[in-house]
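K.L.:
no sequence for this one, just the structure:
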């Protein structure tokens, strides 16, 4: 990408950021951000105690709140502009398609990742104060990098999915519902599909998973997320058609 | 440089079974305020969307500022400003931030690089001051009246000094005072910056006040195009002079009738009604009458309003179809 398109992407991010943080309501961007940081940085570390830093799986499992935190932002990305009648003016500007699309995705990723980072930082302080016992507790370096990488990829996945759903949705509510359906399918699919797998295959899967270490789980997870992210980004780029977006 | 800001050739756009724009062939020279008149649903907004390259035509083609709207759409949008059906303002941002965003993405220096913050700020200040909005620049736009929002939207449209501006019914929904104020602002800004304006409206008084060239569209078809006076003549609404006075002698009347510009002469009680074939200097007729001993008290020029012209054209089209 050229320097010009990066300037345009950052201009879109600037606008989205200002719009999000100038909302003074409880549903505003800042309130949402603070609630999530409090959850990741205070509530969860207090419940987990020293395990928060010593057990990598605890951190990994609790990496999902920022993923949920960006859902409403991405649902709003295009559907919100359409609902508030600002989309056509934006599309009539000189901004290239990719600058608008990636600007909105980047904004959501920055928002979610900043939540995760701030939450982890506050969490470290909370754990040290509540369960440190005079000893300085720190996250293991490799785990921290892995958790951040997986969070980044998961947030990117939800952002791309949300933007994809929002591109043609007439309202924010409709975009949110579309995303909800995808999540329900994702959660229900294992419940429905797992009992259908023969017992022998399940036993070998269990043996395989049992032999994995956390690093391998994170690496495999990151790989799957990366592939899904790339596919969704390409799908969103294909779905971004000005004429269809105006007429929808 | 291409003489025309807009040129279309048999531009057509269908939506399923509806033909929104039907073989539209239009020529708008640079530097004029072009009024695109038509009732609701006539195809005005679709035409703007086609000209901005936001929609692709079903057939035909269009050129805007010498650029093809299909193959060079981003170039068209870069050089144009657009105030569309809705103001398109971000209500959760301040007026200043709204302009700052569009300045960041639209304003370029001479070498094509984004304009630095100082340049953007100077331009924002210039426009907001011009429109009496500078003092309120930090307020959220959502708290503003519709008239103020439209003014701000006009400022946003002109921010990057576009060569061509599309204004889609800019005074629609405004009260008469706000509409008049916005019209004045528009006229002032346009004359100051020399921008070509493509204005759609169904408000004929607005078109009369602002436009030097007019096109009338109905059911996607262009009924006619020309200067307002030309359209009046075309629709049979020739200019008319009403001359009040005394001593209108037969010689004076005969002299008047013999003039080529005079179409018809009707004598009333202490007045003469002179239907003209076209525009002419009324002083010449008065001087002719005075030279034959007439005493003139008052001369009034009347024209068919654009509304009359529009209704005549629509009626004719209905009869033909």
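P.N.:
All right, it came through fine. Because the structure is a prediction, the values reported are computed rather than measured.
K.L.:
just give the closest residue to the closest residue to chain B within chain A, not the sequence neighbours.
P.N.:
At 2.6 Å from chain B, residue A:89 is the closest residue in chain A, using Cβ to the nearest Cβ. For glycine as for every other residue, the C-beta is placed from the backbone atoms N, C-alpha and C. Residue nearest to residue A:89 in three dimensions, not counting chain neighbours: residue B:88, with 2.6 Å by Cβ to Cβ, 6 or more residues apart in numbering or on different chains.
K.L.:
what of residue B:216?
P.N.:
residue B:223 (4.5 Å).
K.L.:
try residue B:173
P.N.:
In space, not counting the residues next to it along the chain, residue B:173 is nearest to residue B:146; the distance is 6.1 Å by Cβ to Cβ, 6+ apart.
K.L.:
wait, that neighbour touches residue B:179, no?
P.N.:
No - counting by Cβ atoms under 8 Å, residue B:146 does not reach residue B:179; the two are 10.3 Å apart.
K.L.:
who's sitting farthest from the centroid in chain A?
P.N.:
For chain A, the largest distance from the centre (Cα atoms, centre = their mean) belongs to residue A:200, which lies 35.5 Å off.
K.L.:
coming back round to it: please tell me the pLDDT value assigned to the residue nearest to residue B:173.
P.N.:
Looking at residue B:146, its pLDDT is 89.
K.L.:
burial count for it?
P.N.:
Number of residues near residue B:146 (other Cβ atoms under 10 Å in any protein chain shown) recorded here: 13.
K.L.:
pLDDT score for residue A:12?
P.N.:
96.
K.L.:
in three-state terms, label it for me.
P.N.:
When classified by DSSP: H, G, I helix; E, B strand; the rest coil, residue A:12 comes out as helix.
K.L.:
tell me how many other residues crowd it.
P.N.:
The number of residues packed near residue A:12 is 23, by other Cβ under 10 Å.
K.L.:
just the one 5 residues further on next, same as before
P.N.:
Other residues within reach of residue A:17 by the criterion other Cβ under 10 Å amount to 15.
K.L.:
ok, residue A:132 next?
P.N.:
Residues near residue A:132, counting by other Cβ under 10 Å, number 15.
K.L.:
who touches it in this structure?
P.N.:
Going by Cβ atoms under 8 Å, 6 or more residues apart in numbering or on different chains, residue A:132 touches residue A:50.
K.L.:
surely the residue nearest to residue B:216 meets residue B:313?
P.N.:
Yes - with contacts counted by Cβ under 8 Å, residue B:223 reaches residue B:313, the gap being 4.9 Å.
K.L.:
common neighbours of the two, please.
P.N.:
Shared contacts of residue B:223 and residue B:313, counting by Cβ under 8 Å, 6+ apart, come down to residue B:216.
K.L.:
packing partners for the lowest-mean-pLDDT helix or strand in chain A?
P.N.:
The least trusted helix or strand in chain A, going by mean pLDDT, DSSP states H and E, turns out to be helix A:56-61, with a mean of 77. Identification of packing neighbours for helix A:56-61 by 3 or more Cβ pairs under 8 Å, 6 or more residues apart in numbering or on different chains; DSSP states H and E yields helix A:51-54, helix A:141-168, helix A:214-239.
K.L.:
quick check: closest non-adjacent residue to residue B:233.
P.N.:
According to Cβ to Cβ, 6+ apart, the nearest residue to residue B:233 is residue B:278 (6.4 Å).
K.L.:
am I right that the one you found is in a helix?
P.N.:
No - with three-state DSSP as the criterion, residue B:278 is located in coil rather than a helix.
K.L.:
burial count for it?
P.N.:
13.
K.L.:
kindly report the same for the one 5 residues further on.
P.N.:
Here the count is done by other Cβ under 10 Å, and residue B:283 has 9 residues near it.
K.L.:
mind telling me what element it is part of?
P.N.:
Residue B:283 belongs to helix B:282-291 when elements are defined using DSSP states H and E.
K.L.:
now do the same for the residue most central in space within chain B: helix, strand or coil?
P.N.:
The residue lying closest to the centre of chain B (Cα atoms, centre = their mean) is residue B:35, at 3.0 Å. Classification of residue B:35 by three-state DSSP places it in strand.
K.L.:
who is it paired with across the strands?
P.N.:
Applying DSSP bridges to residue B:35 yields these beta-bridge partners: residue B:199, residue B:214.
K.L.:
next SSE downstream of the helix holding residue B:283?
P.N.:
Toward the C-terminal end, the helix or strand that comes next after helix B:282-291 (DSSP H and E) is strand B:295-302.
K.L.:
and that following strand with helix B:282-291, angle?
P.N.:
Strand B:295-302 runs at 160 degrees relative to helix B:282-291, counting by axes from the mean of the first three to the mean of the last three Cα atoms, to 10 degrees.
K.L.:
quickly list what residue B:272 is bridged to.
P.N.:
Residue B:272 has these beta-bridge partners by DSSP bridges: residue B:243, residue B:267.
K.L.:
pull out the buried positions in stretch B:158-176.
P.N.:
B:158-160, B:162-172, B:174 (16 or more other Cβ atoms under 10 Å in any protein chain shown).
K.L.:
picking that back up, against which helices or strands is the helix holding residue B:283 packed?
P.N.:
strand B:240-246, helix B:250-257, strand B:295-302.
K.L.:
what's the most buried one of those?
P.N.:
strand B:240-246 (a mean of 16; mean count of other Cβ atoms under 10 Å in any protein chain shown).
K.L.:
and it, how far out from the chain's middle?
P.N.:
Distance of strand B:240-246 from its chain centroid, counting by Cα atoms, centre = their mean, to the nearest Å, is 32 Å.
K.L.:
contacts for that strand, please.
P.N.:
Contacts with strand B:240-246, where a contact means Cβ under 8 Å, 6+ apart, come from B:270-276, B:282, B:285-286, B:289, B:294-303.
K.L.:
perfect, I'm done here.
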